[in-house]
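Peer 1: Have a look; sequence and predicted model below, questions after that.
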Amino acid sequence: MWEFITLHWKDGIEILILAVLLYQGYRFLKATRGARILTGLLTLMLGLTLISQLLELDVMNWLLSHFSVFLAVGLVVIFQPELRRVLAELGSHRFFSLNSAEAANVDLLLETMVELSHKRHGALFALQRGIDLKQFAESGVMMDAKLSSELIRTVFFPKTALHDGGMIVEQGRIVAAGCVFPVSQKEMSDRSIGLRHRAGLGVSEESDAVALIVSEETGALSMCYRGKLEHDLELNKLKSRLQQILMFGDDEDADSEEGAK
């Protein structure tokens, strides 16, 4: 037994690494738009390979053996948004503590969200982290103003010019308001998900930003991170999750198919 372990311990480590990579790949791909396409391609490839082997179809075997290169390129194209987001997160990943100033800004933002919720004033925030959101900021009105409850409530007051767009916040300052965020096309079971929530999902898919949403219809507080929506959170839960992400970049499993009106 010891001799077997001595000879094959590297194989065990290799299997363990591959198992972890496959599992993480499965978790990453299962909620993406390309998951069904990938499943269909793999099913088709396996079916054709099995038929060609059983019937000894030489031409088809040759085509399948050379088709793998084109398949790899196709997968890169299909999963281009997801791959870009993952690589961007890897390049900007950082561990840092939430200092007192940042904690105060989080508290101020959450308290203002609660006020907006009570008044049923919809709102959408994108908290910029490692990836620059300049491209989205340029679609709105540049502000570069100190974060304040009064200014936030003014921006998101119904009928104002900027209330329908998103607000970008970075290090205690409002970078821009009235911003247009990409709308997520992710399939969800709840068809009642509104445009504001889909925009929050979209910006979290395209960057490492944390999106915070106040529902105009229900007043529910929601958060989007890494393309996942956590809907109708209690204030304490939302604060805990936000601090967890800002401090460690940690992402516990969230039901990405929960919706908001």
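Peer 2: All right, it came through fine. Remember, it's a predicted structure, so these values are computed and weren't measured experimentally. Residues are numbered from 1 along each chain as shown.
Peer 1: which residue ranges form the helices in the protein?
Peer 2: 2-29, 35-55, 58-78, 80-92, 100-118, 134-137, 149-155, 195-206, 235-248 (DSSP state H).
Peer 1: gap between residue 169 and residue 106?
Peer 2: Per CB to CB, to the nearest Å, residue 169 is found 10 Å from residue 106. The C-beta positions use only the backbone N, C-alpha and C, and glycine is treated the same way.
Peer 1: what about those two, which has more around it?
Peer 2: residue 169 (23 against 18; other CB atoms under 10 Å).
Peer 1: Would you mind naming the residues that bridge with that one?
Peer 2: Legend: beta-bridge partners of residue 169 under DSSP bridges are residue 127, residue 174.
Peer 1: got the contact list for it?
Peer 2: Shown in contact with residue 169 (CB atoms under 8 Å, 6 or more residues apart in numbering): 105, 109, 125-128, 147, 175.
Peer 1: can those residues go into JSON lines with extra columns for neighbour count?
Peer 2: Formatted as JSON lines, the contacts of residue 169 follow (neighbours: other CB atoms under 10 Å):
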{"residue": "105", "neighbour count": "20"}
{"residue": "109", "neighbour count": "21"}
{"residue": "125", "neighbour count": "24"}
{"residue": "126", "neighbour count": "28"}
{"residue": "127", "neighbour count": "24"}
{"residue": "128", "neighbour count": "21"}
{"residue": "147", "neighbour count": "18"}
{"residue": "175", "neighbour count": "22"}
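Peer 1: Serialize those to TSV and add fields for distance to residue 72 and pLDDT.
Peer 2: Formatted as TSV, the contacts of residue 169 follow (distance: CB to CB, whole Å; pLDDT from 0 to 100):
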residue	distance to residue 72	pLDDT
105	44	88
109	43	94
125	39	97
126	34	95
127	36	94
128	34	91
147	46	93
175	39	95
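Peer 1: which one of those residues sits closest to residue 196?
Peer 2: residue 125 (10.7 Å; CB to CB).
Peer 1: So for the closest residue to the closest one other than its chain neighbours, what's the pLDDT?
Peer 2: Ranked by CB to CB, 6 or more residues apart in numbering and with sequence neighbours excluded, the top spatial neighbour of residue 125 is residue 212, at 4.4 Å. As predicted, residue 212 sits at a pLDDT of 96.
Peer 1: need the contact list for residue 212.
Peer 2: By CB under 8 Å, 6+ apart, the neighbours of residue 212 are 109, 113, 123-125, 127, 200, 221-224, 238, 242.
Peer 1: rerun at 10 Å
Peer 2: Residue 212 makes contacts with 109-110, 113, 123-127, 166-167, 169, 200, 221-225, 233, 238, 242, as judged by CB atoms under 10 Å, 6 or more residues apart in numbering.
Peer 1: Any idea what it is bridged to?
Peer 2: Beta-bridge partners of residue 212, as defined by DSSP bridges: residue 125, residue 223.
Peer 1: how near is it to residue 199?
Peer 2: Counting by CB to CB, the gap from residue 212 to residue 199 is 12 Å.
Peer 1: Now for those two: what residues contact both?
Peer 2: 124, 126, 166, 224.
Peer 1: By neighbour count, which of these wins?
Peer 2: residue 166 (30 neighbours).
Peer 1: so what pLDDT did that one get?
Peer 2: 95.
Peer 1: Kindly report the same for residue 30.
Peer 2: Per-residue pLDDT puts residue 30 at 61.
Peer 1: just residue 90 next, same as before
Peer 2: 57.
Peer 1: Over to residue 249?
Peer 2: Value listed for residue 249 in the pLDDT field: 58.
Peer 1: Report the residue ranges of every domain in the protein.
Peer 2: 2-92, 100-248 (automatic domain parsing).
Peer 1: wait, what's in contact with residue 199?
Peer 2: Counted by CB under 10 Å, 6+ apart, residue 199 has contacts 124, 126, 136, 164-166, 179-184, 211, 213, 224.
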